[in-house]
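In: When you get a sec, could you give me coordinates for this:
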Amino acid sequence: MKVCVIGLGYIGFPLAVVLARSGHRVRGVDTDTKRVEAIRSVNLEGIEPSLEALGQEVVASGFLDPVETVSPAEVFVVAVPTPLDENRRADLSHVDRAIDSIAPHLEAGNLVVIESTVPVGTTERMACRLLEKRPDLAREDGTPSFFVAHCPERVLPGRIFEELTGVDRIVGGTDPESTSRAAGFYASFVQGTIHSTDVRTAEMCKLVENASRDVSIAFANEVSMLCNRMGVDSSTLIRLANRHPRVRIMEPGPGVGGHCIPVDPWFLVESAPLETRLIQSARKVNEAKTEWVLQRIEESVSLFENPVVACLGLAYKPNVNDLRESPAVFIVKALCANGNCTVRIVEPHIRDLPLPLAGFARCRLVGLEEALAEARVVVLLTRHRAFDGIEERLKEGTVFVDPNGTVHEGMKKSGTGERP
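Out: Residues are numbered from 1 along each chain as shown. Now for the predicted structure:
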């Protein structure tokens, strides 16, 4: 089957690789010329190891052709970004442009699938947009002779290949035939179960999944801040509370990052602001936790004169190189900007500092040993495996800030007013 995947980013490229590996002839489209050239020349540095060899294989074999323009296909899959705008509303401009690029090449019987995360009702609007641009593809009753569906991606950074093929998928079409066509397409490469539903349920499922996680994380983060006020170690408290058979509190952190959880709940808020009070509150709690952690660090910095602060981790979650929407990046940038400390960053999963941090003279990416040797304040922002047991390695008198709630016995807890 000829498939055109529009968008070769975090989701589109792995999807294109999996489709090509499954025997589909895939045309991968991206407007970023450098991205296309990197894939075409099989220069795939920085992607997950499980995908690198497969990417090289399918490009070399010709099953995946990376290009900059859309061409005719039997199936078109839209996997472009849907960020928030300055008003925290979904910016669907990338989706609009992708749909517009498909329209000239669309034929009767083709299937268009939107994998991009979108507000409820978007897929139906895109089906109308296609029909407006191609009225010649309308049947006698006015319905389109092509098929449109939504199938939200459900992948975990660090396990993208495994989850693209192994996790159950939710498929919802704008009509029953679109649902059936889309379900059959995904069954050709997904080993997990394909669950068919209507298009609005499919759109909302992804948003509710991520909003649910955001609410759970917000509770853990609120507990961690409450524990600090009460003089209780939150990691011990949560471990003991989770011994209850019906309690499962998540691990707190410096906030919430990634391309989904801090973004998708706002799509629900945008659609129904009066019915999303809990979701809005969770977002506020998780954003406040980032500011709270920054305040604890600044309190610790104030105990010294121009100290070195070691910030361990920039990724938004452990053991990946994904910095998107990472609260750690926000915190480190704020520390670098205030000028009353020198910042040493340890992030074993990247080679160079991201652009938001690269311009600060007092900020360097270093190895763990160098950072610990210099630092008077150590901040654990991302719990990578490389940092296991870090508490036991700190010099006497070092102030240790851990938003996850773990404090080594005898270490000075940041924010208590105690001086080392």
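
In: Please give me every residue in contact with the residue lying closest to Pro273 once chain neighbours are set aside.
Out: Computed as C-beta to C-beta, 6 or more residues apart in numbering, the closest residue to Pro273 that is not its neighbour in sequence is Gln280, at 7.7 Å. C-beta coordinates here come from the backbone N, C-alpha and C atoms, glycine included. By C-beta atoms under 8 Å, 6 or more residues apart in numbering, the contact list for Gln280 reads 265, 269, 273.

In: any low-confidence regions in the stretch 301-420 of the chain?
Out: Scanning the stretch 301-420 of the chain for pLDDT under 70 picks out 405-420.

In: Recalculate using a threshold of 90.
Out: 338-339, 355, 359, 362, 391-392, 395-397, 402-420 (pLDDT under 90).

In: Show me where it has its strands.
Out: Remark: strands assigned in the stretch 301-420 of the chain by DSSP state E, counting those that start in this stretch are 308-312, 342-346, 363-365, 377-380, 399-401, 412-413.

In: so after the host helix or strand of Phe219, what's the next helix or strand?
Out: Using DSSP states H and E, Phe219 maps to helix 199-230. Helices and strands here follow DSSP H and E; after helix 199-230, the next one along the chain is helix 234-241.

In: I'd like to check the angle between the host helix or strand of Thr197 and helix 199-230, please.
Out: For Thr197, the element it lies in under DSSP H and E is strand 194-198. With axes from the mean of the first three to the mean of the last three C-alpha atoms, to 10 degrees applied, the angle from strand 194-198 to helix 199-230 works out at 100 degrees.

In: Report the distance from strand 194-198 to the chain centre.
Out: Counting by C-alpha atoms, centre = their mean, to the nearest Å, strand 194-198 is centred 24 Å from the centre of its parent chain.

In: confidence score at the residue nearest to Pro273?
Out: In this prediction, Gln280 carries a pLDDT score of 98.

In: Likewise for Cys260?
Out: pLDDT at Cys260 comes out at 92.

In: For Asn210, see how far away it is.
Out: For Cys260, the distance to Asn210 equals 5 Å [C-beta to C-beta, to the nearest Å].

In: and what of Tyr316?
Out: Using C-beta to C-beta, one gets 13 Å for the distance from Tyr316 to Asn210.

In: Those two: which is more packed in?
Out: Tyr316 (26 against 23; other C-beta atoms under 10 Å).

In: nearest spatial neighbour of that one, skipping sequence neighbours?
Out: Closest to Tyr316 by C-beta to C-beta, 6+ apart is Gly257, at 2.7 Å.

In: What of Asp198?
Out: Gly172 (5.1 Å).

In: May I have the secondary structure class of that neighbour?
Out: strand (DSSP: H, G, I helix; E, B strand; the rest coil).

In: before we move on, what about Glu86?
Out: coil.

In: For it, grab phi and psi.
Out: Per-residue torsions, Glu86: phi -70, psi -20 (degrees, to the nearest 10).

In: Can you list the residue ranges for strands in the stretch 51-200 of the chain?
Out: Using DSSP E, counting those that start in this stretch, the strands of the stretch 51-200 of the chain run over residues 64-67, 75-78, 111-114, 147-150, 169-173, 194-198.

In: Need the ones you listed in JSON lines (columns: distance to Cys311, mean pLDDT and mean neighbour count).
Out: Below are these laid out as JSON lines (distance: least, C-beta to C-beta, whole Å; pLDDT from 0 to 100; neighbours: other C-beta atoms under 10 Å):
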{"stretch": "strand 64-67", "distance to Cys311": "36", "mean pLDDT": "96", "mean neighbour count": "21"}
{"stretch": "strand 75-78", "distance to Cys311": "37", "mean pLDDT": "98", "mean neighbour count": "26"}
{"stretch": "strand 111-114", "distance to Cys311": "38", "mean pLDDT": "98", "mean neighbour count": "26"}
{"stretch": "strand 147-150", "distance to Cys311": "39", "mean pLDDT": "98", "mean neighbour count": "28"}
{"stretch": "strand 169-173", "distance to Cys311": "38", "mean pLDDT": "98", "mean neighbour count": "24"}
{"stretch": "strand 194-198", "distance to Cys311": "42", "mean pLDDT": "98", "mean neighbour count": "16"}
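
In: right, and those - which one's nearest Ser234?
Out: Ser234 lies closest to strand 169-173 among the strands of the stretch 51-200 of the chain, at 34.6 Å (C-beta to C-beta).
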